[in-house]
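**Student:** okay, sequence plus prediction incoming.
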Amino acid sequence: MTAAASLADLAAWQAAGWLRPLDVALARFLHDTAPTAPPDLLLAAALLSRLESAGHSALPLDDLPGTAAELLDWPAEALNALSQALATRPLQPQAWAGCAAVEADPPDDEGGTPLVLANDRLALRRHWRDEGDIARQLRARAAASLPVDEAQATAWLGRLFPPRADGDVDWQRRAGEVALRGRFTLVTGGPGTGKTWTAARLLVLLQALRGRGGPDGPPAPWLRVGLAAPTGKAAARLKQSIQQALQGLRPALGPLAGEALDPWADALPPARTLHALLGPRPGTRRFRHDATNPLPLDLLIVDEASMVHLALMARLLDALPSTARLVLLGDPDQLASVEAGAVLADLCAAPVLVPRTVALRESRRFQGAIGALAQAMHGGDGAAALAALRGDASGALALQSPRDATAVLPLAVQGYRPMLQALQGPGTPAERARAALQAFEAFRLLCALREGPWGVDGLNGAVERALADAGLLRRSGEWYTGRPVMLSRNQPALGLFNGDIGLVLPADDGTPRAWFAEGEALHAVAVGRLEQVQTAFAMTVHKSQGSEFGHVALVLPPEDGPLLTRELVYTGLTRARERFTLVAPQPALLARAVARRTRREGGLRARLAP
Ligand SMILES: Nc1ncnc2c1ncn2[C@@H]1O[C@H](COP(=O)(O)OP(=O)(O)OP(=O)(O)O)[C@@H](O)[C@H]1O
């Protein structure tokens, strides 16, 4: 079999829609630049590229096409074609040595081949490098053991984390102890388990124990603190929760602090997206802050760490001074990042980070029906999840099993009515936009899929029509009043990032603007300046990460598929504060989804192994 035959197969698979043009282009590029690249390697490279688009950072070589069946949403026909191709061209990685396209077990992260072969996996060099960087940085941080004034530490820990009435281990206090003694702390837990409550106390603790400018000198300057999250929404929520927690602490701190912490708490910086923090350089993958221009920080708290992908984590660790403390907060049971990597889940599985990890398990927000459903999903118990949905008497949970996706439209009309009415209400455009943005948080339609009548694309169109039919909006062109728009790329010059959501409403002069909330602040952006947006009446569960809504309606498709996972339904459910409606034409699919764990292939776990 020849390289030409492999390329012909790949071209046919692209034509069938099983591969993207980019996947085939990688194989062609390898063939052009390394003509000795064997045919089976070309095949593997195209598959690796395809897997990369689904979030994996490596292709396991030992069980193809079994892996493809599990990891790719491929029809049986595609899997058959792959089996046949592999029958004539079995993967023989041992024969790839010497080919200029791939390097096996590179001694370090240098080297120029586009592909790397290690631990029976094929990876893109850049992912391999990022994984190596992350592992190296975290090992160094985890090994650091910082001196602590024990008497002061005990006093402050006691103040910030009073003993529990039930005498159980206080894991939140434990997080304080870990953060004090080292440069890396990972606090994990589901929604409402008190991660940000804990983070606020870590802030105070570290400020209070920041030391002195000499043995008898004055207190050292306040720590330079950074607060960040992967999305603007999550960053705004982090700042708000930290401020709330600090407010709650003030009465206890005032008389005890010796020196006032209040001015420092008042001067906390705004929470930023990780991109904004690092300072993007347009047109490159690089950032203004890196190892040569580190972030001017002593302490960085990053929330929603499950959404941080490999490359971003690598750049973040690179840009953080080695002397700074890093605190990551996140829920490893939520969906992994859209881009390649499952960094948080990998960190949670790394023995070397166990001493630096604290898992919070007690949900303080979800105690009712939503909490019970979350618990059933988390435990993988599909029958209990369905029973919780069907048997709920509190009104917090509902199950709809319609045959037709249009059955969700009445729910959407009801859910979005207050937002659209707020836009048409009295007041200045800014006042109306503010009220509407707030009302928009009360309900959201979340989908498992992007395409089709049960997906975001189909439902956005259908909801628009239903709202127009109900007299709630007039679809006059692209930028009609009331259109919710979500950015699908970063626009740092506007202070807006991928995933940010705004509402369209004309300004005083009648020109349409998209209004975005950033904490208390409101931005009105001329719609012509928005580069890539999509309507957001319905959004994918992936895009909803880091947000919360009063009532969530989660729409599952009628057919099963590898995308329907426990992480997906759990993430969708836990976006709901008060009510959750599952719209599932086949309710049994919920049980299937709950039983299916997301599998992300990558090399970070191996790089973090002892
Ligand atoms: N030890 C505690 N004592 C009293 N209240 C607490 C404690 N820990 C957390 N809380 C309260 O529980 C609620 C949830 O806490 P928090 O917002 O910190 O959770 P979270 O894990 O950050 O949630 P999410 O991931 O959804 O942001 C808050 O109202 C917080 O004030």
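**Tutor:** Yes, it's here. The shown structure was predicted, so the numbers you read here are calculated from the model rather than taken from an experiment.

**Student:** residues near the residue of the stretch 51-200 of the chain found nearest the ligand, how many?
**Tutor:** Among the residues of the stretch 51-200 of the chain, residue 194 lies closest to the ligand, at 3.0 Å counting by C-beta to the nearest ligand atom. Any C-beta I mention is one placed from the backbone N, CA and C, and that applies to glycine too. The criterion is other C-beta atoms under 10 Å. On that basis, residue 194 has 20 neighbouring residues.

**Student:** then the one 10 residues further on?
**Tutor:** For residue 204, the number of neighbouring residues by other C-beta under 10 Å comes to 22.

**Student:** distance between the helix or strand in which it is found and the chain's centre?
**Tutor:** Element membership for residue 204, per DSSP states H and E: helix 195-208. Put simply, helix 195-208 sits 23 Å off its chain's centre (C-alpha atoms, centre = their mean, to the nearest Å).

**Student:** one more: stretch 592-601?
**Tutor:** Relative to where its chain is centred, stretch 592-601 has its mean C-alpha point 17 Å off (C-alpha atoms, centre = their mean).

**Student:** pull the CA atoms of that stretch into CSV?
**Tutor:** Taking C-alpha atoms only, stretch 592-601 is exported to CSV below (Å, rounded to 0.1, in the frame of the first residue of the first chain):
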residue,chain,number,x,y,z
ARG,A,592,-27.5,6.2,28.9
ALA,A,593,-25.8,9.6,29.1
VAL,A,594,-25.4,9.4,32.8
ALA,A,595,-23.6,6.0,32.4
ARG,A,596,-21.2,7.4,29.8
ARG,A,597,-18.2,9.2,31.0
THR,A,598,-16.3,11.6,28.8
ARG,A,599,-13.0,10.1,27.7
ARG,A,600,-10.4,12.6,26.7
GLU,A,601,-7.2,11.2,25.2
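
**Student:** rewinding a little: can you name the next helix or strand after the helix holding residue 204?
**Tutor:** Following helix 195-208 toward the C-terminus (DSSP H and E): strand 225-229.

**Student:** contacts for that next one, please.
**Tutor:** The contact list for strand 225-229 (C-beta atoms under 8 Å, 6 or more residues apart in numbering) reads 203, 235, 237-239, 242, 268-274, 277, 295, 297-304, 307, 546.

**Student:** what's the mean pLDDT across that strand?
**Tutor:** Mean pLDDT, strand 225-229: 93.

**Student:** circling back: give me the helices and strands touching the helix holding residue 204, please.
**Tutor:** With contacts defined as 3 or more C-beta pairs under 8 Å, 6 or more residues apart in numbering; DSSP states H and E, helix 195-208 has these neighbours: helix 150-160, helix 171-181, strand 184-189, helix 232-256, strand 299-302, strand 325-330.

**Student:** for the ligand, what's the nearest residue on the stretch 501-610 of the chain?
**Tutor:** Closest point on the stretch 501-610 of the chain to the ligand, by C-beta to the nearest ligand atom, is residue 548, at 6.8 Å.

**Student:** which residues does the residue of the stretch 51-200 of the chain closest to the ligand contact?
**Tutor:** 172, 360, 362, 364.

**Student:** where's the second one relative to the ligand, distance?
**Tutor:** Translated: residue 360. 7 Å (C-beta to the nearest ligand atom, to the nearest Å).

**Student:** give me the number of residues near the closest residue to that residue other than its chain neighbours?
**Tutor:** Sequence neighbours aside, residue 189 is the residue nearest to residue 360 in space, at 3.4 Å (criterion: C-beta to C-beta, 6 or more residues apart in numbering). Residues lying near residue 189 (other C-beta under 10 Å) number 23.

**Student:** ok, residue 461 next?
**Tutor:** Look at residue 461: counted by other C-beta under 10 Å, it has 14 neighbours.
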